[in-house]
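Novice: how would this look folded up:
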Amino acid sequence: MKIEKIQNKLFGKTFVSDVFICEYMPGLPPLAVKLYLYIVYAAENAIECTEDTLAMILNSESAVVNENLILLESAGLVSWQNDTVLVNDLVQKEVERNYRLRTVARPDDLCTSEREKNFAKSKVQKAISDKFFSGQMPISWYNEIDLWFEKYGFEPDVVFMLFQHCANNHVMTKPYIRKVAETWGGKYHIHTPEQLEAYLNSYETYKMLRSEILKRLKWRRNMNVYEEEIVEKWFYTYGYDIEIIDIAMKKSVSKNNATLATFDAIITSWHKNGLTTKEEILKFEEERKKAYTAIRNGEAAGMEKAGAGQKGNFTQRDYDEDFLNSFYIDEDEMK
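Specialist: Okay, the predicted model is just below:
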């Protein structure tokens with residue numbers, strides 16, 4: 001005996017996994033999303049169709065539909081078996097991807113400290129899910145957080161503070177949060193809340209420094225990534241504040257084409273000479289000027305002696321600030 005259900009397909013229901021909505025849909029182009037939804041509908045209702053049919057239904061072209069089919073296949077949403085398109089089970093795929101076999105030790109065999117660490121990690125992941133994802137944090141975020149624990153050695157509180165920091169900045173996209181995590185853990189080697197607090201305090205000082213530099217240069221634009229790296233070097237690597245940086249800016253700001261690279265040549269020379277305070281730098285600059293003055297006077301005296309019989313035909317060379325600053329150029333940079 002065969003039993004069938006009488007149902008108008010128009011009033012049926014097509015199940016779409018939340019995994020698709022949360023994990024895949026945001027990264028797909030609109031046509032690929034529509035194509036996937038129709039393929040799921042066709043699969044559930046045993047509808048056969050060709051690429052030409054799909055193109056007509058989606059108001060597109062066969063070649064474009066084929067490109068998007070390839071895109072869905074590369075994303076792991078569908079697969080091919082001969083000439084049949086199979087809709088992959090995304091829930092099963094996620095379970096298999098996130099299931100970890102117990103290959104080392106039973107939970108009872110783990111040391112107390114290890115169990116406590118795992119419990120703390122799970123606890124902070126739940127806290128992040130509850131506060132920033134309304135309790136519905138996608139599985140991929142759990143994988144991402146696990147990676148940060150392993151790669152950067154973050155303590156659980158640092159991970160929570162990471163999400164809080166990004167939320168305060170009103171940017172909660174995965175690329176942005178991932179970039180902040182990379183900066184904290186990869187660039188500045190932050191592991192503990194204490195280290196993070198110290199960094200954030202210094203970062204506020206850095207932002208004020210950057211703002212002051214923009215103001216003094218009268219720039220009506222933000223710094224690009226390369227200019228940011230230069231200023232970060234002055235602040236984080238050299239430990240220079242605005243008073244020291246201002247000395248370099250005053251030396252070159254009169255130039256029409258003054259750039260941060262111009263100031264960087266001067267500031268880097270101070271760092272290479274082991275100068276750390278404003279007083280040391282001012283003394284260094286004063287001695288440098290005296291040395292150049294001696295060179296200038298010596299050249300002038302030599303020229304006067306050589307041209308004693310042609311007095312009046314010699315014009316003394318005028319050494320401006322650009323000439324003096326040229327001595328800051330690193331010979332390695334000229335190669």
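Novice: Tyr176: neighbour count?
Specialist: Other residues near Tyr176 number 12, with proximity taken as other Cβ atoms under 10 Å. For the C-beta atoms, the positions are set from N, CA and C on the backbone; glycine is no exception.
Novice: Equivalent analysis for the one 10 residues further on, please.
Specialist: Residue neighbour count, defined by other Cβ under 10 Å, stands at 12 for Gly186.
Novice: Kindly report the same for Gly298.
Specialist: 10.
Novice: Counting by contacts, list what whichever strand or helix holds it packs against.
Specialist: When elements are assigned from DSSP states H and E, Gly298 belongs to helix 278-306. Helix 278-306 makes packing contacts with helix 242-252, helix 321-325 when contacts are defined by 3 or more Cβ pairs under 8 Å, 6 or more residues apart in numbering; DSSP states H and E.
Novice: rounded to a whole number, what's the mean pLDDT of the shortest one?
Specialist: Averaged over helix 321-325, pLDDT sits at 52.
Novice: what do you get for stretch 202-209?
Specialist: Mean per-residue pLDDT for stretch 202-209: 89.
Novice: who touches it?
Specialist: When contacts are taken as Cβ atoms under 8 Å, 6 or more residues apart in numbering, the neighbours of stretch 202-209 outside the stretch itself are 231-232, 235-236, 241-242, 245.
Novice: and if we set it to 6 Å?
Specialist: With Cβ atoms under 6 Å, 6 or more residues apart in numbering as the test, stretch 202-209 has contacts from 235, 242.
Novice: and if you look at stretch 12-29?
Specialist: 33, 40-41, 44, 90-91, 94, 138, 140.
Novice: how about 8 Å then?
Specialist: For stretch 12-29, the surrounding residues in contact (Cβ under 8 Å, 6+ apart) are 33, 36-37, 40-41, 44-45, 68, 71-72, 75, 77, 90-91, 93-94, 136, 138-140.
Novice: Low-confidence regions, the chain specifically.
Specialist: Applying pLDDT under 70 to the chain picks out residues 1-11, 94-113, 253-258, 299-335.
Novice: how much space is there between the residue positioned nearest the centre of it and Trp270?
Specialist: Ranked by distance to the mean C-alpha position of the chain (Cα atoms, centre = their mean), the top residue is Lys179 at 3.6 Å. In this structure, Lys179 and Trp270 are 31 Å apart, going by Cβ to Cβ, to the nearest Å.
Novice: same question, Pro29
Specialist: When Pro29 is compared with Trp270 (using Cβ to Cβ), they lie 52 Å apart.
Novice: Of those two, which one has the most company?
Specialist: Trp270 (21 against 11).
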